[in-house]
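Only the shape, not the letters, is given here:
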């Protein structure tokens, strides 16, 4: 083992101390590890990982740290069984809440390159991970969008109502905001269910990856209870982290609309 390899191994092991911006690098490694764990063709995945690492970082040492750290997370799940893919996805979700800037690391075009496994179940699992990550980024964008819309409404009305009654101005602004968000959040069960078709089938009769039962035949109440359980973490199997990404953006009205559409 040459000096550079020894150095990269050492820095990988003690990255929390010696590596600049180690948190963002490690978050990126978790994203890559999630895709690789779902892809059983690790030879293909590691080739893609190397190419992406070289594309992201120009510093060879940082490239090797990314490779080593990603492999470390993959091995913890696949070999050492220290934790699961589901726990890794939940950890990614937690870090996004703590570090909003990390959403910029979710580059779907790069992550899609890991879709190199011909196995249908593995492919579907990877697609669900991508949807989970995409929804995580969109949630943060939606929060920003809503705050901007409210700010625009305030600024627009403030110019016209500068000399008007403040109480009436606030009522108007709140009324416009409520009307706007109610329109944006209008539930459409059929439209909302479209993203579920890949795993569950158009009528709910398909067995999804990691499950042994179908949703066809479930009552509306059972579907509502299951979706809310996935959302708060109280329900689900070993891949419930994937479902978390699907249900997290849903409001109670959305959940009820899906249940009305697919439930019996």
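Nice, I can see it. Being a predicted model, the structure only gives us computed values, none of them experimental.

Run a quick neighbour tally on residue 236.
Per other C-beta atoms under 10 Å, the neighbour tally for residue 236 reads 19. All C-beta spots, glycine's among them, are computed from the backbone N, C-alpha and C.

tell me the contacts of it?
229-230, 243-244 (C-beta atoms under 8 Å, 6 or more residues apart in numbering).

Out of these, which comes closest to residue 92?
Nearest to residue 92 out of the contacts of residue 236 is residue 244 (C-beta to C-beta; 10.2 Å).

separation between the closest one and residue 77?
Distance, residue 244 to residue 77, using C-beta to C-beta, to the nearest Å: 17 Å.

and what of residue 85?
6 Å.

So what's the residue count around the nearest residue to residue 208 once chain neighbours are set aside?
By the measure of C-beta to C-beta, 6 or more residues apart in numbering, the closest residue to residue 208 outside its immediate chain neighbours is residue 199, 3.7 Å from it. Residue 199 has 22 neighbours, counted by other C-beta under 10 Å.

Break this protein down into its structural domains.
Following automatic domain parsing, one gets these domains for the chain: 3-118, 130-262.

I'd like the ones you listed written out as TSV, with distance to residue 124 and mean pLDDT added.
Shown next, in TSV, are the domains of the chain (distance: least, C-beta to C-beta, whole Å; pLDDT from 0 to 100):
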stretch	distance to residue 124	mean pLDDT
domain 3-118	9	85
domain 130-262	5	70
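
Of the ones you listed, flag the one that's most buried.
domain 3-118 (a mean of 16; mean count of other C-beta atoms under 10 Å).

residue ranges for the helices of the stretch 1-150 of the chain, please.
3-13, 15-18, 22-38, 42-56, 60-78, 85-98, 108-111, 120-160 (DSSP state H, counting those that start in this stretch).

who does the fourth one touch, helix- and strand-wise?
Read it as helix 42-56. When contacts are defined as 3 or more C-beta pairs under 8 Å, 6 or more residues apart in numbering; DSSP states H and E, helix 42-56 packs onto helix 22-38, helix 60-78.
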